[in-house]
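Asker: Have a look; sequence and predicted model below, questions after that.
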Amino acid sequence: MFRKLPKLLVILLGSLLAINVLQAYFTELIYDEAYYWYYAQNMSWGYFDHPPMVALLVKISSLFFDGELGVRFMSCILSVGTFIILWLLIDNPKKKDYIAPFFVFGFSMTLINAYGFFTLPDTPLVFFTCAFLLCYKNFIKNPTYGLSIILGLLIAALMYSKYHAFLVIFFVILSNIKLAVNKYAWIAVVVALLCYTPHFIWLYDHDFVSIKYHISERPNGAYQFEKYTLGFFVNLLAILGFTFPWVYKALYKTKATDLFTKALLYLTYGFILFFFISSFNRRIQTQWVIIISIPLFIMAYNYMLNNENARKWIYRMAIINCIILAVLRVGLIYKPLFPIYYETHGNKLWVNNLKSQIGDIPVVFENSYRYAPMYAFYTGNKSFSLNNIFYRQNQYTIDSTESSVQNQKVLYASKYFKKGELKYNRINGTSVYGNYIDNFKSYRKLRCSIKEDIDSLNTNTQLTLQVYNPYKEDVSLRELKFAIGYLDPYKKVKEVIPILPMAVNKESLFLKTKDTTNFTFKLPIPKMDKPSYLKISISENGLIYGINSTNMKLN
């Protein structure tokens, strides 16, 4: 493959790899990367927030390097692979005369630049989208059994990267409905489903926790035009930087003259329309629309090759983008060059500050799937995120990390503490207090449900509370307190009211291991007006109430 690439492009790609490797080595992890590093410490076919591809990248990287590069090395490799595939996706023979504009334009795209060294789920999503489009381009020209199998593998790889990869597949199929009667396309579908079966099994075994969270459990907020819809349009500009006027003009000028170009158009307009509609319901994060960078690049570069004025201006604006991005990239390492505090600044400092005070004692961080893995990454010590009712579920909710800190002396660090036995400072100016617990015990995996359907907030009806104990030992009821959390329409907890459920079996003193215990109770009267949801919560040994049930709709 490299023999077919122009020498200048190979040199530029080699330089890109070197730059990204150096950046990956010298830049401290961001919190999401630490979280995905934590994924990779226990490889699985699925995780709470995402499919397992990002964890696999971290795992492979760790086979070659330690530290930050041991998290990011494969991202550096995939970045070069993305540029190579983009080059192969351009058919215009003029491209060999404009190698520098190709590279500079690609490097100028903000998130494609960032995901050249950061390891996030969008990193493999971008790479496998490019690979999928290249395979699809060849498939529609001459479908074969071999291409069908490769296409199926790439579809599975896309879905193993991030769930909204489904949109990539959907819009490409929508652009070519005849695929529905194409036997080679169905072979690709079968191969993809077979490859994705382990993740389907994982979802089933975990009660589809990821799907439920993303669709129905995630908290939201009241609609704000500036934050939601206007913010979405700002994101469409941010992913392109100063090149956006000419890139979107190229999109407008591009016509569906063949099936592949039609797929690019459907992919771009489909994503824009989907997330525009979604913006009336929730805030759209910038990386959610990164996929359109790929078809936009292909269409805009083809437009550049045939339009001298567009080529001149996109090249000029791309250079400005690159200069800004270069300064920001240095600023990720050297804080004075970055305009604001960012996640790559000062993590080693606060981690070492805390470790110097407590040694090897495990740390339980309340409500932080961000700080817990960051501390573990830079110290090698045990840490755990204890999630309470005011936070969200995450990987710490469903894996076995809780057991690693049970019945031990731990430091319990919480933003709710106004004072404590020790204090450590973060570089953003915040201080966090911690207190020691000599014998830490938590039971956040206890699962609660209400047997009866709750159609309305009837405080006179006696209900049956069912509590399942998944632990290997009985749990004493003396250690537990129960409460009802009332939520607003946006699934944010607004009120927590203690309850005193009575065991149906009056002699029950324990929640039996691997068994369900039934209680009776009546709903408490909330002070808030017309709560939309409720959830059941348990406090163990004086800890803040946890997340022990799904959100239950109230009519």
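Answerer: Great, that's in hand.
Asker: show me where pLDDT drops low in this protein?
Answerer: Residue ranges of the chain with pLDDT under 70: 1-3, 455-456.
Asker: Just give the nearest non-adjacent residue to Gly106, would you?
Answerer: Phe83 (5.8 Å; CB to CB, 6 or more residues apart in numbering). To be clear about C-beta, it is placed using only N, CA and C from the backbone, and glycine gets the same treatment.
Asker: Provide a list of residues in contact with that neighbour.
Answerer: Listed by CB atoms under 8 Å, 6 or more residues apart in numbering, the contact set of Phe83 reads 13, 16, 103, 106.
Asker: Near the third one, how many residues? Count them for me, please.
Answerer: So that's Phe103. Other residues lying near Phe103 total 22 when counted by other CB atoms under 10 Å.
Asker: so where do the helices sit in the stretch 51-200 of the chain?
Answerer: Per DSSP state H, counting those that start in this stretch, the stretch 51-200 of the chain carries helices over the ranges 53-64, 69-88, 99-108, 110-114, 122-141, 145-161, 165-174, 183-205.
Asker: before we move on, back to that, check the contacts of Phe83 and tell me the two furthest apart.
Answerer: Largest separation among the contacts of Phe83 by CB to CB: Leu13 and Gly106, giving 10.3 Å.
Asker: hang on, the earlier thing: distance to His214 for the helices of the stretch 51-200 of the chain - can I get that in CSV?
Answerer: Shown next, in CSV, are these (distance: least, CB to CB, whole Å):
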stretch, distance to His214
helix 53-64, 16
helix 69-88, 24
helix 99-108, 31
helix 110-114, 21
helix 122-141, 15
helix 145-161, 14
helix 165-174, 12
helix 183-205, 12
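Asker: now for those, which one comes closest to His345?
Answerer: Nearest of the helices of the stretch 51-200 of the chain (CB to CB): helix 110-114, 15.8 Å.
Asker: Check which helices and strands the closest one is in contact with.
Answerer: helix 293-306, helix 308-333 (3 or more CB pairs under 8 Å, 6 or more residues apart in numbering; DSSP states H and E).
Asker: do that again at 7 Å, thanks
Answerer: With contacts taken as 3 or more CB pairs under 7 Å, 6 or more residues apart in numbering; DSSP states H and E, helix 110-114 sits against no other helix or strand.
Asker: Next, the buried residues of the strand or helix carrying Pro245.
Answerer: Per DSSP states H and E: Pro245 is located in helix 244-253. Buried residues in helix 244-253, counting neighbours by 16 or more other CB atoms under 10 Å, are found at 244, 246-251.
Asker: what angle sits between that helix and helix 308-333?
Answerer: 130 degrees (axes from the mean of the first three to the mean of the last three CA atoms, to 10 degrees).
Asker: Next secondary structure after helix 244-253?
Answerer: helix 259-278.
Asker: tell me the angle of that next one relative to helix 165-174?
Answerer: Here the directions of helix 259-278 and helix 165-174 differ by 130 degrees (the same axes, to 10 degrees).
Asker: what comes up buried for helix 259-278?
Answerer: 259-268, 270-272, 274-275.
Asker: Among those, which pair sits farthest apart?
Answerer: Greatest spatial distance in the buried residues of helix 259-278: Leu259 and Phe275, 24.4 Å, computed using CB to CB.
Asker: how near is Ser449 to Lys535?
Answerer: Distance of Ser449 to Lys535, computed by CB to CB, to the nearest Å: 10 Å.
Asker: shared neighbours of these two, which are they?
Answerer: Contact criterion CB atoms under 7 Å, 6 or more residues apart in numbering; residues shared by Ser449 and Lys535: Ser549.
Asker: what's the distance between Thr550 and Tyr163?
Answerer: Counting by CB to CB, the gap from Thr550 to Tyr163 is 19 Å.
Asker: quick one, which of these two is more surrounded?
Answerer: Shown here are Thr550 and Tyr163; by other CB under 10 Å, Thr550 has more neighbours (19 against 16).
Asker: Now do the contacts for the more buried one.
Answerer: Thr550 makes contact with 212, 217, 535, according to CB under 7 Å, 6+ apart.
Asker: Sitting in helices, which of those residues do you find?
Answerer: If you go by DSSP state H, the contacts of Thr550 have Lys212 in helices.
Asker: quick one: which of Ser449 and Lys535 has more around it?
Answerer: Lys535 (22 against 15).
Asker: Leaving out the residues flanking it, which one is nearest to Ile497?
Answerer: Nearest non-adjacent residue to Ile497, counting by CB to CB, 6+ apart: Pro524, 4.2 Å away.
Asker: Same check on Asn367?
Answerer: Tyr391 (4.0 Å).
Asker: Which parts of the stretch 451-555 of the chain are strands?
Answerer: Remark: strands assigned in the stretch 451-555 of the chain by DSSP state E, counting those that start in this stretch are 462-469, 475-476, 480-487, 493-499, 502-503, 510-511, 515-522, 533-540, 552-553.
Asker: Can you report how many residues neighbour Lys492?
Answerer: So Lys492, with other CB under 10 Å, has 13 neighbours.
Asker: Helix, strand, or coil at the nearest residue in space to it that is not next to it in sequence?
Answerer: Distance criterion CB to CB, 6+ apart; nearest residue to Lys492, sequence neighbours excluded, is Pro219 at 5.1 Å. Assigned with DSSP: H, G, I helix; E, B strand; the rest coil, Pro219 falls in the coil class.
Asker: which phi and psi does Pro219 have?
Answerer: According to degrees, to the nearest 10, the main-chain angles of Pro219 amount to phi -60, psi 150.
Asker: again with Glu366
Answerer: phi -80, psi 130.
Asker: what bridges to it?
Answerer: Beta-bridge partners for Glu366, by DSSP bridges, are Leu386.
Asker: returning to what we had before: can you name every helix or strand that the helix holding Pro245 contacts?
Answerer: helix 293-306, helix 308-333.
Asker: can I assume the residue nearest to Asn367 is in contact with Glu366?
Answerer: No: Tyr391 is beyond contact range of Glu366, at 8.1 Å (criterion: CB atoms under 7 Å).
Asker: Between the two, tell me which one has more neighbours.
Answerer: Using other CB under 10 Å, the more surrounded residue of Tyr391 and Glu366 is Glu366, with 23 against 19.
Asker: ok, the more buried one - contacts?
Answerer: 386, 388, 413-414, 416.
Asker: Can you tell me which of those is nearest Gly231?
Answerer: Asn388 (28.9 Å).
Asker: Could you find the closest non-adjacent residue to that closest one?
Answerer: Ile544 (4.3 Å).
Asker: For that neighbour, give me phi and psi.
Answerer: Residue torsions, per degrees, to the nearest 10, at Ile544 are phi -60, psi 140.
Asker: burial measure for it, as a count.
Answerer: Residues near Ile544, counting by other CB under 10 Å: 17.
Asker: Is it correct that it is in contact with Leu386?
Answerer: No: Ile544 lies out of contact with Leu386 (CB under 7 Å); the separation is 8.4 Å.
Asker: Enumerate every residue touching the residue nearest to Phe274 when sequence neighbours are not counted.
Answerer: Nearest non-adjacent residue to Phe274, counting by CB to CB, 6+ apart: Leu167, 6.3 Å away. If you count contacts by CB under 7 Å, 6+ apart, Leu167 has them with 270-271, 274.
Asker: Which of those sits closest to Phe338?
Answerer: Looking across these and measuring by CB to CB, the closest to Phe338 is Phe271, at 29.8 Å.
Asker: what's the spacing between Lys95 and Lys312?
Answerer: Lys95 is 16 Å from Lys312, by CB to CB.
Asker: Have a look at those two and say which one is more surrounded.
Answerer: When Lys95 and Lys312 are compared for neighbours, Lys95 comes out ahead with 18 against 13, by other CB under 10 Å.
Asker: I'd say the more buried one and Asn306 touch.
Answerer: No: applying CB under 7 Å as the test, Lys95 and Asn306 come out as separate, 11.1 Å apart.
Asker: Correct me if wrong: Leu509 contacts Leu477.
Answerer: Yes: taking contacts as CB under 7 Å, Leu509 lies within contact range of Leu477: 6.0 Å.
Asker: Good, we can wrap up now.
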